[in-house]
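Engineer: All I have is the shape, not the residue letters:
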């Protein structure tokens, strides 16, 4: 693909605005047209990007012959239809998480894109961040030891979605991160859910999810729209060290603690021993993840380089979420993935 990549954008809400800005700022891209159902959003877009066309009608994006790739940043239940329509019009696709709402739909998207030789990019922004790149490499280091447990918390006050539960809304972030860092998927999962608004609302607003991997690795994820305190934290416990990734700590997102718990080999009367040492604050690349992601989309379109958050990555995430959903509907029983 030569010249600038022509982008069309469908959905200019909270996240679409960030996507549009990064496309606009990339020298290899042209933000050709933006579509949204909200006229005030389009008025705002016109002020930010005077050279970009705006439209209330998404078909004007699909039928624009100059468009190379369509970005879809709309509610999850709309993804499948919009992606398939973009592929029908011979457009590459970039779409926010989740790719769609079932493995069946995801497999159809994969088959269609491969048949038409088009690329589908999942916007899994965290995978392009400095902290996640660091963690993926660091857990291979001998100094960390073996990974034993993971605890993740993604909680905040709202936004309660009207089309999906909290697992589908927030879960793709943590599950996508773990699938990428570990290069593995859990062998079984379970989920519990809570909804204090059953009289007026149908979906779980708070969920605890347990993921079990091979080699007895265990991950616990808490997801919630009900917390007045926003938390984005992952704790990785190893046999030699503990690593904390706190996304909201802008000064130091990664902290390494030379602390661990091990079965005792010293005193037969004591089951465990504890090691306590220094704290290490590594230097992490702080490039804006979304900027890097758009750069990687461009590289993939121009050279066919592999994109880490492709359809296969998306399918792995959806399989885990589908299994968690099934567990939620089955009295929190463990479900094989």
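Structural biologist: Everything's here; your move. If you're wondering where the values come from, they're calculated on a predicted model, not measured in any experiment.

Engineer: Now do the buried residues in the lowest-mean-pLDDT helix or strand in the chain.
Structural biologist: Ranked by mean pLDDT, DSSP states H and E, the helix or strand of the chain with the weakest confidence is strand 272-275, at a mean of 73. Within strand 272-275, no residue is scored as buried using 16 or more other CB atoms under 10 Å. To be clear about C-beta, it is placed using only N, CA and C from the backbone, and glycine gets the same treatment.

Engineer: For whatever helix or strand comes next after it, name the packing helices and strands.
Structural biologist: Sequence order places strand 279-280 as the next helix or strand after strand 272-275, per DSSP states H and E. Judged by 3 or more CB pairs under 8 Å, 6 or more residues apart in numbering; DSSP states H and E, the packing partners of strand 279-280 are strand 254-257.

Engineer: what comes up buried for the next helix or strand after the strand it packs on?
Structural biologist: As assigned by DSSP H and E, the chain's next helix or strand after strand 254-257 is strand 260-263. By neighbour count on 16+ other CB under 10 Å, the buried set for strand 260-263 is residue 260.

Engineer: Parallel or antiparallel, list what pairs with strand 260-263.
Structural biologist: Pairing partners of strand 260-263, with direction, according to DSSP bridges: strand 272-275 (antiparallel).

Engineer: Return the distance of the partner strand from the chain's centre.
Structural biologist: 35 Å (CA atoms, centre = their mean, to the nearest Å).

Engineer: Within the helices and strands, which one has residue 293?
Structural biologist: helix 289-303.

Engineer: Helices of this protein, start to end?
Structural biologist: All helices of the chain, identified by DSSP state H, fall at 14-25, 39-48, 59-62, 79-88, 103-115, 130-138, 166-182, 289-303, 311-328.

Engineer: looking at those helices, which is closest to residue 152?
Structural biologist: helix 166-182 (4.8 Å; CB to CB).

Engineer: what is the mean pLDDT for the closest one?
Structural biologist: Averaging pLDDT along helix 166-182 yields 97.

Engineer: Domain parsing of the protein, as residue ranges.
Structural biologist: Split into domains by automatic domain parsing, the chain comes to 5-123, 127-287+319-336.

Engineer: Low-confidence stretches in this protein?
Structural biologist: For the chain, the stretches flagged by pLDDT under 70 are 264-270.

Engineer: could you redo the last one with a cut-off of 80?
Structural biologist: 1-2, 261-275 (pLDDT under 80).

Engineer: need the longest strand for it.
Structural biologist: Across the chain, the longest stretch assigned as strand under DSSP state E is strand 226-238.

Engineer: Give me the sheet partners of that one and which way each runs.
Structural biologist: For strand 226-238, pairing defined by DSSP bridges yields strand 147-157 (antiparallel), strand 242-246 (antiparallel).
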